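Novice: Following is a predicted model, sequence given first.
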Amino acid sequence: MSEYQYYEWQTMDRPLSPSEREAVSGLSSHMETVTPTQAIVSYSWGNFKHDSRQVLLQYFDAHLYMANWGTRRLLFRYPKSVIDSQAIQPYCREDFLTLELGGDYYILEFSLDSEEPDYEWMEADGMLGKLAPIREQIMQGDYRVLYLNWLKAVSTEDPEEDNPETEPPIPAGLGKLNSSHQAFIEFFELDEYLVNAAAKASPQIRPLSIAPLEKALTQLSRDECENFLRQLLNNEPQVRMTLQKRLERLAGTKPASAGHAQRQAGNLFKEAERLEQEDLHRQKAEAERKRIQELLDLAGCEEATWRWVESLIGQKQAGPYDEATKLLLSLRDLANYQNRMPKFQERLLAIKEKHANRPSLMERFRRAGL
């Protein structure tokens, strides 16, 4: 199988200038798309010759990388003023989530190097667009995706062992994920049962109260107020978010996702296994209920079905033979359900004796176990 690598970058705070677009276009002769808000390049039997992180740091706000051997990366660039690095640190885990300072920006990187034998390639086109809203959510203090990433990290370890690692702060709203979270779960291959197990201790999201922030406005100095207004007039990116973060610090407010860590990873694995088994039993019960209803429906037209079987066989064609065989299997299931197997066997034997000179039909009966 040939190698394949996909790189995509997007801007969110501002579009690229014409000179920046020209510079990005010159990074590779393989560049497929360069617009004021996006750049895409892919390779088969080749590599991007530049540091994709540096491209993000210099020009863009989000970056996605995929390789068909299982590596996946999602990176966001943030102005230093809009990120609470201390609040994010508990979710960081080597090789899975890192937060690094680069000049005036933080780079938050989600990573996965899949070693699963059943790893399957997914289409990368459009994926970054689905994941992009996560950047804004993290700035707002919504750390659900950080917790989901921690779940993925611990799930790569042996689930049979009792993992004593304690979960990071539990975000609110794990039980009500949005479309970008679902895209993250798909992209990084999270176990839905593990997510549901974790969500059991997650409270509902409380609406953000503006009153404390409005009160904190009076604590801003005149110089700060003028500076924020100047940035607003100059259309500088993330002015609103920078102001909000400043007011939150003054007001002493915390994001709604600051719950207390209490459960161990091993206990989450056990709860996920219980939920999966519960779901399998529920699916099995539903399938059995549906099967019985189908048999009851068949019982209402049993004699007509026997006549239709004879009519199908009389057509002496492969397709009707297949349909007749399927109907006989359903009639056998009905007889078994009603404890009337001897009567079924008697009627089936009569059909087999009547049409014994049709080898293709008899072969179908044999393969079906009739």
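Specialist: Nice, I can see it. Numbers count the residues shown, from 1 in each chain.
Novice: Contact partners for residue 109?
Specialist: Taking CB atoms under 8 Å, 6 or more residues apart in numbering as the criterion, residue 109 is in contact with 53, 73, 74, 75, 97, 98, 99, 100. All C-beta atoms are positioned from the backbone trio N, CA, C, and that covers glycine.
Novice: Scan these and report the most crowded one.
Specialist: Among those, the one with the most neighbours (other CB atoms under 10 Å) is residue 74, at 26 neighbours.
Novice: Could you spell out the sheet neighbours of the one helix or strand it maps to, each with its direction?
Specialist: Counting by DSSP states H and E, the secondary-structure element that holds residue 74 is strand 71-79. For strand 71-79, the pairing partners within the sheet under DSSP bridges are strand 62-67 (antiparallel), strand 105-113 (antiparallel).
Novice: and after it, which helix or strand comes next?
Specialist: helix 85-88.
Novice: elements contacting that following helix?
Specialist: Here helix 85-88 touches no other helix or strand, going by 3 or more CB pairs under 8 Å, 6 or more residues apart in numbering; DSSP states H and E.
Novice: among the strands paired with strand 71-79, which is nearest residue 152?
Specialist: strand 105-113 (6.9 Å; CB to CB).
Novice: backbone phi and psi for residue 136, please?
Specialist: When read as degrees, to the nearest 10, the backbone of residue 136 gives phi -70, psi -40.
Novice: OK, contacts around it?
Specialist: For residue 136, the contact set (CB under 8 Å, 6+ apart) comprises residue 12.
Novice: Model confidence score at it, please.
Specialist: According to the prediction, residue 136 has pLDDT 92.
Novice: So residue 52 versus residue 4, what's the distance?
Specialist: When CB to CB, to the nearest Å is the yardstick, residue 52 and residue 4 sit 15 Å from each other.
Novice: now swap in residue 268 and tell me
Specialist: For residue 268, the distance to residue 4 - CB to CB - is 34 Å.
Novice: neighbours around residue 292, how many?
Specialist: 12.
Novice: right, I mislabeled it, should have said residue 221
Specialist: For residue 221, the number of neighbouring residues by other CB under 10 Å comes to 8.
Novice: shift numbering so it begins at 31
Specialist: Noted, 31 is the first residue going forward, which turns the last one into residue 251.
Novice: who's in contact with it?
Specialist: Under the criterion of CB under 8 Å, 6+ apart, residue 251 has no neighbours.
Novice: pLDDT score assigned to it?
Specialist: Confidence at residue 251, expressed as pLDDT, is 83.
Novice: Quick check: phi and psi at it.
Specialist: Geometry field for residue 251 lists phi and psi as phi -70, psi 160, criterion degrees, to the nearest 10.
Novice: roughly how far apart are it and residue 258?
Specialist: The separation that residue 251 has from residue 258, given CB to CB, amounts to 11 Å.
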